[in-house]
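here's my sequence, what's the structure:
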Amino acid sequence: CLQGAFGALTVTMKLFPAIVTLHLIGGLVLLALLCVQAVRHTHWAQGKTPARISPALRSGLIWTGVLVALQVVLGGWVSTNYAVLACTTFPTCQGSWWPAMDFAQGFQVWRKLGMLQDGSHISFAGLTAIHYVHRLMAYVVLAALLALVWRLRKAAVLGAPARWLLALALAQLITGLSNVVLGWPLVAAVLHTGGAAALVVVLTWALVSSRSASAPQEFSAPSRASRVSA
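Down below sits the predicted model:
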């Protein structure tokens, strides 16, 4: 119901950035909830229980998920404000490691597209701030994902999600750079958005498929096949 409301408001409020971003967040939340259902149903059908991992690794998985969620929101804010082309070079932006930015304008949330609350137009420095914060956060998220993959592989748990996380992290790096240096081509933009959604799915999959070793042991339900044969 909320997604339907946000979809309608996206049209009637003429691409109001905050509404469009909330619409994106709602879609990803629905996707994550569907993933939870799918993983739990699969475990139930196969009679499996979540893998027990160390509390430190479980915390790393949770915090990496939080960082990815924050980065997805920042990416949505870049897209809804059309700030991708504020920086068209890499690794610098506008020939500088710290370009002119106006964070107050860039992160003034409740305003019309391209405008500020006082009715004036958002400055290029404001758009640069939106873009560059997303870029800086990307470095943090990429490092967190690579560290998580290394720890999962070292612990020899959640092998399939770990491989997917590595592939998707590298794909996001490539498509993100393509958006910048190639002038925001449609294919790269769609792949970058799809990659973000895939990261949410795989992290949700990993979270649902694991439990902290310090948590109480869950009851292992018999598989559906064994119940049928019985």
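
what about the helices in this structure?
2-12, 17-46, 55-80, 103-106, 124-155, 159-181, 186-208, 224-229 (DSSP state H).

who wins for proximity to residue 215 among the ones you listed?
Nearest to residue 215 among those is helix 55-80 (8.5 Å), distances taken as CB to CB. The way it works is simple: take the backbone N, C-alpha and C, and place the C-beta from them, glycine included.

what angle separates that closest one from helix 124-155?
Interaxial angle of helix 55-80 relative to helix 124-155 (axes from the mean of the first three to the mean of the last three CA atoms, to 10 degrees): 150 degrees.

helix 55-80 packs against which elements?
Judged by 3 or more CB pairs under 8 Å, 6 or more residues apart in numbering; DSSP states H and E, the packing partners of helix 55-80 are helix 17-46, helix 124-155, helix 186-208, strand 210-212.

redo those as TSV? Include mean neighbour count, distance to residue 57 and mean pLDDT.
What follows is the helices and strands packed on helix 55-80, written out as TSV (neighbours: other CB atoms under 10 Å; distance: least, CB to CB, whole Å; pLDDT from 0 to 100):
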stretch	mean neighbour count	distance to residue 57	mean pLDDT
helix 17-46	16	18	96
helix 124-155	18	6	97
helix 186-208	19	10	96
strand 210-212	18	8	93
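
as JSON lines, the ones you listed with distance to residue 77 would be great.
Below are these laid out as JSON lines (distance: least, CB to CB, whole Å):
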{"stretch": "helix 17-46", "distance to residue 77": "6"}
{"stretch": "helix 124-155", "distance to residue 77": "6"}
{"stretch": "helix 186-208", "distance to residue 77": "13"}
{"stretch": "strand 210-212", "distance to residue 77": "30"}
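
so which of these comes closest to residue 74?
Of all these, helix 124-155 sits nearest to residue 74, with 4.4 Å by CB to CB.

quick revisit: out of the helices of the chain, which comes closest to residue 93?
helix 124-155 (5.7 Å).

out of the helices and strands packed on helix 55-80, flag the one nearest residue 65.
In terms of CB to CB, the element of the helices and strands packed on helix 55-80 nearest to residue 65 is helix 186-208, at 4.6 Å.

which among the helices and strands packed on helix 55-80 is found nearest to residue 64?
With CB to CB, the closest approach to residue 64 among those belongs to helix 124-155: 4.8 Å.

report the angle between that closest one and helix 17-46.
Using the same axes, to 10 degrees: helix 124-155 against helix 17-46 is 10 degrees.
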